[in-house]
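Colleague: quick one, fold the following:
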Amino acid sequence: MSTAGTCISVVDDDALVLKALDRLLRSAGFSVQTFSSARDFLEQRAGSPPGCILIDLSMPGLSGLELQRALAQADDPRPVVFLSGRGDIESSVEAMKAGAVDFLTKPCDEEKLLGAVRAALEKDRASREAQAERESIEARAATLTPREREVLSRVVAGRLNKQIAAELGTAEKTVKVHRARMMRKMQFDSLAELVRAWTVTRPSLQADHHRV
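Modeller: Here you go, the predicted structure:
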């Protein structure tokens, strides 16, 4: 997995832990930024660059869980890996329910830590690719005429051309023309590809189907 352009942010109030994690991650080929508190991280956070965040659970001021909640409120999509100096089942459950990739107890096994980081980076990569695909499909859909969008919603709902024509009160050959233009603008070669992409990128698709 390529790590080009990604950065691992490490947030821990223990200077020795920060130094050790920085050394370990850099030796594994990662770009690293370190922060001594959750507040420092939030103040210096510039957007949401590709990567992941390692967060100490217990820190003065904002705790690790509070930082996780702050990131969610800020719509920061980067996956989180928690580090804890003690086994805390209740906190680990809360962290994982909120989307954490892993919850590791210090001192962490190096390979286990690197494995968690790689899993987090892969999750971040997949999430960003899916978002880019959603944005691309929505941009193409925005070029459709109102009639072409009506045809699109019915095509992905499984309607046949004659059914669409009856619902829209038009001729079947007219529907075929709109359908061909819609497929060309959406840049899909087959109906199967269109339905797959539309279903994946539009979570509300099923609700849309019930309204058509």
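Colleague: going by C-alpha atoms from here, please, whenever you check contacts or count neighbours.
Modeller: Noted.
Colleague: mind checking the pLDDT average for the longest helix seen in the chain?
Modeller: Ranked by number of residues, the top helix in the chain under DSSP state H is helix 110-141. Averaged across helix 110-141, pLDDT comes to 92.
Colleague: residues in contact with residue 13?
Modeller: Residue 13 makes contacts with 35, 36, 37, 56, 59, 60, as judged by CA atoms under 8 Å, 6 or more residues apart in numbering.
Colleague: if you set the cut-off to 7 Å instead, what comes out?
Modeller: Contacts for residue 13 (CA atoms under 7 Å, 6 or more residues apart in numbering) come out as 36, 37, 59.
Colleague: quick check, nearest of those residues to residue 136?
Modeller: Using CA to CA, residue 37 is the member of these that lies nearest residue 136, at 37.3 Å.
Colleague: the closest one reaches residue 11, doesn't it?
Modeller: Yes - contact criterion CA atoms under 7 Å: residue 37 and residue 11 qualify, at 6.0 Å.
Colleague: state the helix or strand in which the nearest residue to residue 156 once chain neighbours are set aside lies.
Modeller: With CA to CA, 6 or more residues apart in numbering as the criterion, residue 156 has its nearest non-adjacent residue at 5.3 Å, and that residue is residue 195. Taking DSSP states H and E as the criterion, the element that holds residue 195 is helix 191-201.
Colleague: which one among the contacts of residue 13 sits at the bottom for pLDDT?
Modeller: residue 59 (90).
Colleague: can you get me a residue count around that residue?
Modeller: Neighbours of residue 59 under the rule other CA atoms under 10 Å: 17.
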